[in-house]
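A.B. asks: just to be clear, the model below is a prediction. Sequence and coordinates:
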Amino acid sequence: MENKITSLAEYFQKYKESVADPDNFWGKIAESHYWRKKWDQILDYKFDGDGAPDVNWFVNGKLNITENIFERNMFMRKDQVAIIWEPNDPKEPEIKLTYGELFEKVKQFANGLKKIGVEKGDRVALYLPMVPELAIAMLACARIGAIHSIVFAGFSATALADRINDAEAKVVITSDGGFRGTKSIPLKSIADEAVEKCPSIKTQVVLKRTEEEIKWVDGRDIWWHDLIADMDYENQAETMDAEDVLFILYTSGSTGKPKGVVHTTAGYMVYAEYTFKNVFQYSDGDVYWCTADIGWVTGHSYIVYGPLLTGATSVMFEGVPTWPDAGRFWEIVDKYKINQFYTAPTAIRALVAQGDEWVTKHDLSSLKVLGTVGEPINEEAWRWYHDLVGKGRCPIVDTWWQTETGGIMITPLAGITPTKPSLATLPLPGVQPVLLDHEGKELKGNSVEGILCMKHPWPGMLRTTWGDHQRCYQTYFASFPGYYLTGDGAKRDEEGYYRIIGRIDDVINVSGHRIGTAEVEDAINQHPKVVESAVVGYPHEIKGAGIYAYVICEDMTDAELDNIEAEIKATVNKFIGPIAKPDKIQIVSGLPKTRSGKIMRRILRKIGEGDATNLGDTSTLLDPGVVEEIIDGAKVEV
Ligand code: WTA
């Protein structure tokens, strides 16, 4: 397989080359892609100064990413399975789509999108369960040059509406509902509620999945099957500029509403394919499974784009790890003889808690590589994964990256880089991490700890935040001019291996999902009885971090007080979705604030962790007494 590193010596060699001459390094890799017109220049960029960031890869190159998935792979792989879809309910039959079949479906749906007036550059919101049509819709958008904005199907109507409005999407694609374990989620009715507040939406395409009753708006709603009924399979891919937007994906930051991270065509493509085949050491004929939802970046890059560009067989799973029983993952591994398996530490911890027998009763001998993503993996979970699931013979790739990075950045190469539990190890070729101190000085050498930044662009990096370029600069480039700020703290150990410590900002990683504290506070504050709130993360055995909300309310009757927690949770559910519901809510009479009115979250975090020692200097607080009260009423043993 082209551009696949096969030994540690080769990794070090490539790494060196990639730093010495990044243009040449990436240029050679991009040669293996299919271009309508080659680039004039490999990289033109600035991280600072007027209009920054301004990052252009493969300048003036012309291409279409779907031609690199289909036309480029078709000769060899027409009859090879591209996607294996495993339904929520094991009793329902699976679906296998070959590259040839998937291609036809993509072209057909692309023609359907054109018929309803979707043009190059238009935004299309996707609010779908994990069904093959989600991948088909993404690729159909890419085929015609429309920008997809996928919204995880666990988000609420308000969250969906916010995202649609920010991107001014013309079309939303949803389904009547979606299955998850024993639940059926009424996606169409949630989308209906959202779309009422979205003037830009002209058409709502509805896929039939759960067959539940839905409301119908004539003239706006159209069934997926009706839309494609008389569409043919011929479709010429739109010619895209290397820097034309491929997709927007919303993610949480420290402040304000989620921002639309923008990825463009050529750089993302080159990076997704290169990282996929190298990190997982995918070989022809392997069956690869990433358990993420396509609503998150992991699903974008490592269920759809990376694997399909590589010509891999990628498994897509609709359900949950614990239904019908806690052996579901391992049953699927056995069923399809999975070779590479990629999941999140939170899923591993949840399964550890269910007992070993769910693992040992399935044949996992096909596994060659195990991967994790989304949050630091604790050593106990790593050992269980390594020893019980991988039987000690499968390398674990602990992959560090972000929505903004487009693809994996710091990681072992499976079976090549010697691993250490809980360490993401070494940067991929082309990735130049640095650790900075608070003054922005680079910490050189090993055995240092600091703020993780990148000092050179890589092809998969974000280009802007949708509709607000200044916000992109402020968030990622303003703190340390000339560097991309990741928002994570990290250690470089004595060998030069990286250990990711976690977020240094007000982002909480709940079950590997990024939640901004400000977003949750805004949602809580929508409750009519709430005066003010402060949200922090606290260590949670399964989720990694849980959400702890300290809330000041107006005077309430006893009856109101009894219900307030449930109501606050319902409010968060309504404004964001179940993933952001606080695990702990403490009603307080005041919050620890400085004289200038800033909430001292550090103190709240400490209390949430159950540690009241070492609260630091509280003398600058407006009302130091409030800290005692919060400790007394804390929802943990302090
Ligand atoms: C965290 C997910 C430790 C980190 C692909 C990062 C990790 C955030 C790891 C991005 C890892 C991701 N070890 N922490 N292997 N992978 N993170 O945008 O805090 O949903 O900044 O992208 O997850 O989350 P996001």
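C.D. replies: Everything's here; your move.
A.B. asks: thought Asp623 was touching Thr594, still the case?
C.D. replies: No. With contact defined as C-beta atoms under 8 Å, Thr594 and Asp623 do not form a contacting pair (10.6 Å). Glycine gets a C-beta too; all of them are placed from N, C-alpha and C.
A.B. asks: buried set for the helix or strand harbouring Ala381?
C.D. replies: Using DSSP states H and E, Ala381 maps to helix 379-384. Buried residues in helix 379-384, counted by 16 or more other C-beta atoms under 10 Å: 381-384.
A.B. asks: out of those, who's nearest Gly407?
C.D. replies: Nearest to Gly407 among these: Trp382, at 22.4 Å, using C-beta to C-beta.
A.B. asks: so how far is Pro345 from the closest one?
C.D. replies: Distance, Trp382 to Pro345, by C-beta to C-beta, to the nearest Å: 8 Å.
A.B. asks: repeat that for Leu364.
C.D. replies: Taking C-beta to C-beta, one finds Leu364 at 19 Å from Pro345.
A.B. asks: which one's more surrounded, those two?
C.D. replies: The neighbour count for Leu364 versus Pro345, taken as other C-beta atoms under 10 Å, is higher for Pro345 (25 against 20).
A.B. asks: hmm, the more buried one is touching Gly374, no?
C.D. replies: Yes. Counting by C-beta under 8 Å, Pro345 touches Gly374, with 6.7 Å between them.
A.B. asks: which residues do those two both contact?
C.D. replies: Counting by C-beta atoms under 8 Å, 6 or more residues apart in numbering, the contacts common to Pro345 and Gly374 are Gly512.
A.B. asks: what parts of this protein come near the ligand?
C.D. replies: When proximity is defined as C-beta under 6 Å from any ligand atom, the chain approaches the ligand at 251, 296-298, 373-376, 398-403, 424, 486-488, 500, 502-503, 509, 514.
A.B. asks: restricted to strands, list these.
C.D. replies: 251, 373, 398-399, 486-488, 500, 502-503, 509, 514 (DSSP state E).
A.B. asks: of those residues, closest to Lys257?
C.D. replies: Thr251 (10.9 Å).
A.B. asks: now do the closest one, the pLDDT please.
C.D. replies: Thr251 carries a pLDDT value of 96.
A.B. asks: with adjacent residues omitted, what lies nearest to it?
C.D. replies: The shortest distance from Thr251 to any non-neighbouring residue, by C-beta to C-beta, 6 or more residues apart in numbering, is to Thr403 (4.2 Å).
A.B. asks: shouldn't the one you found be in contact with Leu249?
C.D. replies: Yes. Look at Thr403 against Leu249 with C-beta under 8 Å: they come within range, at 5.7 Å.
A.B. asks: reformat the ones in strands among the residues of the chain next to the ligand as a markdown table; add distance to Gly430 and neighbour count.
C.D. replies: Formatted as a markdown table, these follow (distance: C-beta to C-beta, whole Å; neighbours: other C-beta atoms under 10 Å):
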| residue | distance to Gly430 | neighbour count |
| --- | --- | --- |
| Thr251 | 22 | 19 |
| Val373 | 19 | 25 |
| Asp398 | 19 | 26 |
| Thr399 | 15 | 24 |
| Thr486 | 16 | 24 |
| Gly487 | 21 | 21 |
| Asp488 | 19 | 21 |
| Ile500 | 19 | 20 |
| Gly502 | 25 | 16 |
| Arg503 | 24 | 18 |
| Asn509 | 25 | 21 |
| Arg514 | 24 | 22 |
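A.B. asks: quick one: which two of these are the most distant?
C.D. replies: The widest separation within these (C-beta to C-beta) is 20.7 Å, between Thr251 and Asp398.
A.B. asks: quick one: the helices in the stretch 251-400 of the chain?
C.D. replies: 265-279, 297-299, 306-310, 328-336, 345-352, 357-360, 379-384 (DSSP state H, counting those that start in this stretch).
A.B. asks: would JSON lines of those with distance to Glu439 and mean pLDDT be doable?
C.D. replies: Output for these, formatted as JSON lines (distance: least, C-beta to C-beta, whole Å; pLDDT from 0 to 100):
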{"stretch": "helix 265-279", "distance to Glu439": "31", "mean pLDDT": "98"}
{"stretch": "helix 297-299", "distance to Glu439": "31", "mean pLDDT": "98"}
{"stretch": "helix 306-310", "distance to Glu439": "37", "mean pLDDT": "98"}
{"stretch": "helix 328-336", "distance to Glu439": "46", "mean pLDDT": "98"}
{"stretch": "helix 345-352", "distance to Glu439": "33", "mean pLDDT": "96"}
{"stretch": "helix 357-360", "distance to Glu439": "48", "mean pLDDT": "98"}
{"stretch": "helix 379-384", "distance to Glu439": "33", "mean pLDDT": "96"}
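A.B. asks: what is Gln586 paired to in the beta sheet?
C.D. replies: When assigned by DSSP bridges, Gln586 has beta-bridge partners Tyr550.
A.B. asks: give me the phi and psi angles of the closest residue in space to Lys170 that isn't next to it in sequence.
C.D. replies: Leaving aside its chain neighbours, Lys170 sits nearest to Asp122 (4.8 Å; criterion: C-beta to C-beta, 6+ apart). Main-chain dihedrals, Asp122, degrees, to the nearest 10: phi -70, psi 150.
A.B. asks: next: the one 4 residues further on.
C.D. replies: Backbone geometry at Leu126, expressed as degrees, to the nearest 10, gives phi -120, psi 120.
A.B. asks: quick one: it and Ala159, what's the gap?
C.D. replies: Computed as C-beta to C-beta, the Leu126 to Ala159 distance reads 14 Å.
A.B. asks: what's the answer for Gln586, then?
C.D. replies: According to C-beta to C-beta, Gln586 and Ala159 sit 25 Å apart.
A.B. asks: neighbour-wise, which of the two wins?
C.D. replies: Set Gln586 next to Ala159 and count neighbours by other C-beta under 10 Å: Ala159 wins out with 25 against 18.
A.B. asks: wait, the more buried one sits on Ile576?
C.D. replies: Yes. Checked against C-beta under 8 Å, the pair Ala159 and Ile576 is within contact range at 5.2 Å.
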